[in-house]
Structure formats: C-alpha cells, structure tokens
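**Q** The following comprises the amino acid sequence and a computationally predicted model.
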Amino acid sequence: AQSVTQPDIHITVSEGASLELRCNYSYGATPYLFWYVQSPGQGLQLLLKYFSGDTLVQGIKGFEAEFKRSQSSFNLRKPSVHWSDAAEYFCAVVRMDSSYKLIFGSGTRLLVRP
Amino acid sequence: DSGVTQTPKHLITATGQRVTLRCSPRSGDLSVYWYQQSLDQGLQFLIQYYNGEERAKGNILERFSAQQFPDLHSELNLSSLELGDSALYFCASSVEAGDTYEQYFGPGTRLTVT
C-alpha cells in the first residue's frame, strides 16, 4: 500500500539558514508527489508538485524539491529560511485507484529561530 | 486564496448532535474531496465526489455522509457526534484533467464536540 514517511516531527533552523525536510514514499509505480504547507490556523497551500520529467522541481516561496527514485525520496529544500516559513509541512502522494486521493505524511513542524 | 470556500469556520456542538459542513469548489473543478485532520490520526481522506457521484470512500464512519449537488458544492453531514469527532475538516477540489491531479484546499471547518 502507498505510504509517506516524514521522519522529522520537528525541525528548528535559524533565520537565513538552509532547510531540508525529508520525505520518503512507498509506491509501486511512478508517484505523483506534492508538498503542502499549513500555517497556524490556516488551510493547506500547495508548494510544489512532481509528476514526471525534471526531477528538480521549483515551487512557490523559494522552495524546491528533488525526486530521487533510487532513494524513494522527495525532499523539500530552501536555501535561506525566513521567519514567515514557520509552519507545518506535509508531503503527500496521490493514490491512483478509483480516485486520486492524497496520502499524507505525518507532517514536519518547522520552527525558525530569529 | 485557493478559491475553495468552506463554511462555517468554527462549529461547537454537543455530543449526540448533527452538523452539516459546506464546501464550494474552485470554479471549473468537478471533484471534491473531504479530509479530516486530528492530532492522533493526522490528515485522513474521508470521501470523494466527482460531478455529483460518489467516487471513493476512505476511513469514513457510518455516522458520516456526504453529497455533491448539481451546482457542485458539497456537504458533509456528521451525526450522533462523539468527543472523538472533534477535528479540523478540510474540503479540497481538483479539476482532474490530463496530468493535473493537484488538490486545492479550503480553509477548513474546526469542529469541537463538547
């Protein structure tokens, strides 16, 4: 069965430092992968997506993610974190059966030190 | 703003009661998904409707039901409410055409059962 693992529950980085959030997936075929961000009290905003093609994808707010099939990973990166990036980040894979529902990881909460 | 609207934003009710959550998808999106976000279960898929028809069910309790109307808005009905039903309920919509499977989320309805 498809699954998504985000091994880090919390990550704390200093403002201006680089960021990498880890995501590992389990899926038999080529996955459709997403990263969403949830700010406190807000809904989920789509940061970026991978369907096929170039394995390095660019998203909004300066985020990028790299799909590595050999490692079953889709890690999210940002070269310089801003205080406004503090939020919870969810990796998700589309389950392609009768629907296209999202299977979410458990999320990583990002804290930013001033 | 994702273009997906949900009402109400907050709902406080007592055990045993029934509530209805409403969702309006983005213009042009035929597919509506409902998800539940709770501390112990994370983000879980409940049910999907596509152009008025139920397409898929996830971990949805028998006390819960949903429907999608001809104007494509959707309602999630929760009955015989229990304390454990307290959660954030998200609606998402998707166009699901070609390779476009990303879902856009509404701001959510926070349900508190007392």
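**A** Right, received. Where do you want to start?

**Q** How about the backbone phi and psi for the residue most central in space within chain B?
**A** Here the mean C-alpha position of chain B is nearest to the C-alpha of B:W34 (CA atoms, centre = their mean), at a distance of 3.1 Å. Listed backbone geometry of B:W34 is phi -120, psi 130, with angles given as degrees, to the nearest 10.

**Q** Can you check the pLDDT for it?
**A** Among the per-residue scores, B:W34 shows a pLDDT of 97.

**Q** what number of residues lie near the spatially closest residue to it that is not a sequence neighbour?
**A** In space, and not counting its chain neighbours, B:W34 is closest to B:L46: 4.3 Å by CB to CB, 6 or more residues apart in numbering or on different chains. (Each C-beta comes from the backbone N, C-alpha and C, glycine too.) Other residues within reach of B:L46 by the criterion other CB atoms under 10 Å in any protein chain shown amount to 21.

**Q** Determine the three-state secondary structure at the residue of chain B found nearest chain A.
**A** Across chain B, no residue is closer to chain A than B:A56, which sits at 3.4 Å (CB to the nearest CB). Look at B:A56: counting by DSSP: H, G, I helix; E, B strand; the rest coil, its state is strand.

**Q** quick one: contacts for the residue of chain A found nearest chain B?
**A** Shortest chain A-to-chain B distance, computed as CB to the nearest CB: residue-wise this is A:S99, at 3.4 Å. Residues touching A:S99, when contacts are defined by CB atoms under 8 Å, 6 or more residues apart in numbering or on different chains, comprise B:Y33, B:Q48, B:Y50, B:R55, B:A56.

**Q** if you set the cut-off to 10 Å instead, what comes out?
**A** Contacts for A:S99 (CB atoms under 10 Å, 6 or more residues apart in numbering or on different chains) come out as B:31, B:33, B:45, B:47-50, B:54-58, B:94, B:96.

**Q** measure it to B:E96 for me?
**A** Distance of A:S99 to B:E96, given as CB to CB, to the nearest Å: 9 Å.

**Q** Now list whatever residues contact both of these two.
**A** Overlap between the contact sets of A:S99 and B:E96, as judged by CB under 10 Å, 6+ apart, is given by B:S31, B:Q48, B:Y50, B:R55.

**Q** could you dump those to TSV with pLDDT and secondary structure?
**A** Below are the shared contacts of A:S99 and B:E96 laid out as TSV (pLDDT from 0 to 100; DSSP: H, G, I helix; E, B strand; the rest coil):
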residue	pLDDT	secondary structure
B:S31	92	strand
B:Q48	93	strand
B:Y50	91	strand
B:R55	90	strand
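
**Q** List buried residues within the residues you listed.
**A** Applying a neighbour-count criterion of 16 or more other CB atoms under 10 Å in any protein chain shown, the buried members of the shared contacts of A:S99 and B:E96 are B:S31, B:Q48, B:Y50, B:R55.

**Q** Please list the residues of chain A that sit near chain B.
**A** Residues of chain A lying close to chain B by CB under 10 Å from any CB of the partner chain are A:32, A:34, A:36, A:38, A:41-46, A:48-49, A:51-52, A:90, A:92, A:94-107.
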